[in-house]
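> Need a 3D model of the following:
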Amino acid sequence: MNKDNLFSQIFGKVAKINFFKPLQELINSFYVKLFKIDMSEFKPASEYKNLNELFTRELIKLREFDAADEIFISPVDGTCLSFGTTKELEAFSIKGMSYGLKELLGQDELEGEFDFANIYLSPKDYHHYHAPCDITIKKAVYIPGKLYSVAVKWLGKVESLYTKNERVALLCEMKNGKKLWLVFVGALNVGKMKFCFDDRIQTNAMANFTQIYEYENLHIKKGERLGNFELGSTIVILSEKDAIEYNLFENKELKFAEAIGRIKE
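This is a model prediction of the structure:
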């Protein structure tokens, strides 16, 4: 285990400690002020028993979204760092820093071109992820790796960073029959990535081999919760070329449930 993975495991354990209530309230209040978190959609910070509960806070009320089949919504709160169309199965994390889709997905026989979007979740963001449209999950691929920070400054330092970090890739099918990959990338201090449809998927757990989980008739409706990060990280969205017309630009701030594209027939 490298030192980043070990530190993340330790951080994850410390974040779950319930400190003496007055002290915990101070810790929570400091965290909220430090990262300028808008708590208007959540319980007051003082009600969370530990930092992990605050990190993984749930919305008091699910946000409304356009229910039309063709509307593709953001699965998370975050910032769109980059988006575009792959060339020779290469995408960009940020300008000038590319990564290979075969390496990212652990798929040697991958073919075709894809549209991609990379969404970064900072420590201030809501850490749950949801289905961006009606999907059928075909399989989940867990790929072990390191836990580098996925902040912009690190993306500019570590070549092909997304393919080096621990990650879980979901292969999904949209209603129009087109493939959609949702890739959840681990990062420094991310104690866990959790998936509410399958408890078998365990991350940051000292695994050293790829694990594949296949599903039959696993249908998830748009807006339904898929799981959560236990801090912040990155989601890579990959769709077959021209399957979705995206409405994105670099450094666009996103909110879960807002429309970010239109699914084509």
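> Show me the contact partners of stretch 228-235.
Outside of stretch 228-235, the residues within contact range by C-beta atoms under 8 Å, 6 or more residues apart in numbering are 12, 15, 52, 55-56, 75-76, 78, 81, 118-125, 127-129, 150, 162, 182-187, 189-194. All C-beta spots, glycine's among them, are computed from the backbone N, C-alpha and C.
> which ones among those residues are found in strands?
78, 81, 118-120, 128-129, 182-185, 193-194 (DSSP state E).
> of all those residues, which two lie farthest apart?
Largest separation among the ones in strands among the contacts of stretch 228-235 by C-beta to C-beta: Leu81 and Lys194, giving 23.2 Å.
> Which of the ones in strands among the contacts of stretch 228-235 ranks first by neighbour count?
Comparing the ones in strands among the contacts of stretch 228-235 by number of neighbours (other C-beta atoms under 10 Å), Val185 comes first, having 30 neighbours.
> contacting residues for that residue?
Contacts of Val185 (C-beta under 8 Å, 6+ apart): Val150, Tyr162, Asn165, Glu166, Arg167, Ser233, Thr234, Ile235, Val236.
> Which of the ones in strands among the contacts of stretch 228-235 scores worst on pLDDT?
Of all the ones in strands among the contacts of stretch 228-235, Met193 carries the smallest pLDDT score, 89.
> who's in contact with Gly78?
Shown in contact with Gly78 (C-beta under 8 Å, 6+ apart): Ile119, Tyr120, Leu121, Ser122, Asp125, Thr234, Ile235, Glu253, Leu254.
> need those residues in TSV with distance to Ile220, can you?
Below are these laid out as TSV (distance: C-beta to C-beta, whole Å):
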residue	distance to Ile220
Ile119	18
Tyr120	23
Leu121	20
Ser122	26
Asp125	21
Thr234	21
Ile235	15
Glu253	25
Leu254	20
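> In stretch 94-104, which residues are buried?
Using 16 or more other C-beta atoms under 10 Å as the test for burial, stretch 94-104 gives Ile94, Met97, Ser98, Tyr99, Gly100, Leu101, Glu103, Leu104.
> Closest one of those residues to Lys264?
Ranked by distance to Lys264 (C-beta to C-beta), the buried residues of stretch 94-104 are led by Leu101 at 20.7 Å.
> Which helix or which strand is home to the spatially most central residue of the chain?
Residue closest to the mean C-alpha point of the chain, counted by C-alpha atoms, centre = their mean, is Ile235 at 3.5 Å. For Ile235, the element it lies in under DSSP states H and E is strand 234-240.
> Which strands or helices does the helix or strand following that strand pack on?
Downstream of strand 234-240, the first helix or strand assigned by DSSP H and E is strand 244-246. Here strand 244-246 touches strand 114-120, strand 259-263, going by 3 or more C-beta pairs under 8 Å, 6 or more residues apart in numbering; DSSP states H and E.
> rewinding a little: any chance of a markdown table for the ones in strands among the contacts of stretch 228-235, columns distance to Ile137?
Formatted as a markdown table, the ones in strands among the contacts of stretch 228-235 follow (distance: C-beta to C-beta, whole Å):
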| residue | distance to Ile137 |
| --- | --- |
| Gly78 | 21 |
| Leu81 | 25 |
| Asn118 | 21 |
| Ile119 | 19 |
| Tyr120 | 23 |
| His128 | 17 |
| Tyr129 | 13 |
| Leu182 | 9 |
| Val183 | 13 |
| Phe184 | 13 |
| Val185 | 18 |
| Met193 | 15 |
| Lys194 | 15 |
